[in-house]
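Chemist: Let's see this in three dimensions:
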Amino acid sequence: MAIARWNGEIIAESEKTEMVEGNHYFPLESVHAQYLRPSDTTSVCPWKGTANYYTLHVNGQDNPDAAWYYAEPKPAAANIKGHVAFWNGVEVTAG
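Modeler: From the prediction side, this is the model:
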C-alpha cells in the first residue's frame, strides 16, 4: 500500500502505483479529489510529455503545484496516463 500525506491528511492511497523516476504515480481514482485545485502550471519532459499540475488545498493551507499528471503522455510513458504524482513536502510511504 502506498500512501501520500500532506498537512495531516491522506491525499492518496493505493495498492498499485506506477514507479517512474523514483516517483509513485497513483491512479486518479485513488486520489482524494477534494484536496486538488487545478493549476495553470505546465512543464515538459522530453520522454513523458507535458505535465499539468494541481495545487493541494488541505486544512486551509495551499501547497502550490505539489501534484502533477500527464494528460496525454508520450508512448514511452503510457503506463502513467490517468495517474497523479506528488512532491514538494508530500510524504509518500510504501510498504
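
Chemist: So which residue is dead centre in the protein?
Modeler: The centroid of the chain falls nearest to residue 85 when counting by CA atoms, centre = their mean (2.3 Å).

Chemist: Correct me if wrong, but that one is in a strand.
Modeler: Yes: under DSSP: H, G, I helix; E, B strand; the rest coil, residue 85 sits within a strand.

Chemist: Can you spell out which residues form a bridge with it?
Modeler: Applying DSSP bridges to residue 85 gives these bridge partners: residue 68.

Chemist: so it touches residue 68, yeah?
Modeler: Yes: look at residue 85 against residue 68 with CB atoms under 8 Å: they come within range, at 5.8 Å. For glycine as for every other residue, the C-beta is placed from the backbone atoms N, C-alpha and C.

Chemist: CA-only coordinates of the helix or strand in which residue 12 is found, as CSV, when you get a sec.
Modeler: Using DSSP states H and E, the element containing residue 12 is strand 9-14. Output in CSV follows, covering the C-alpha atoms of strand 9-14 (Å, rounded to 0.1, in the frame of the first residue of the first chain):
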residue,chain,number,x,y,z
GLU,A,9,-4.3,14.3,5.8
ILE,A,10,-4.0,11.3,3.5
ILE,A,11,-4.1,12.7,-0.1
ALA,A,12,-4.0,9.4,-1.9
GLU,A,13,-3.7,5.7,-1.1
SER,A,14,-3.4,2.7,-3.5
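
Chemist: so how far is the helix or strand following that strand from its chain's centroid?
Modeler: Of the helices and strands lying after strand 9-14 in sequence (DSSP H and E), the nearest is strand 18-20. Strand 18-20 sits 11 Å away from the centroid of its parent chain (CA atoms, centre = their mean, to the nearest Å).

Chemist: For strand 18-20, which strands pair with it and how are they oriented?
Modeler: strand 23-27 (antiparallel).

Chemist: Can you point out the buried residues in the partner strand?
Modeler: In terms of neighbour count (16 or more other CB atoms under 10 Å), strand 23-27 has its buried residues at 23-27.

Chemist: contacting residues around that strand?
Modeler: 2, 4, 12-14, 16-19, 80, 82-87, 92, 94 (CB atoms under 8 Å, 6 or more residues apart in numbering).
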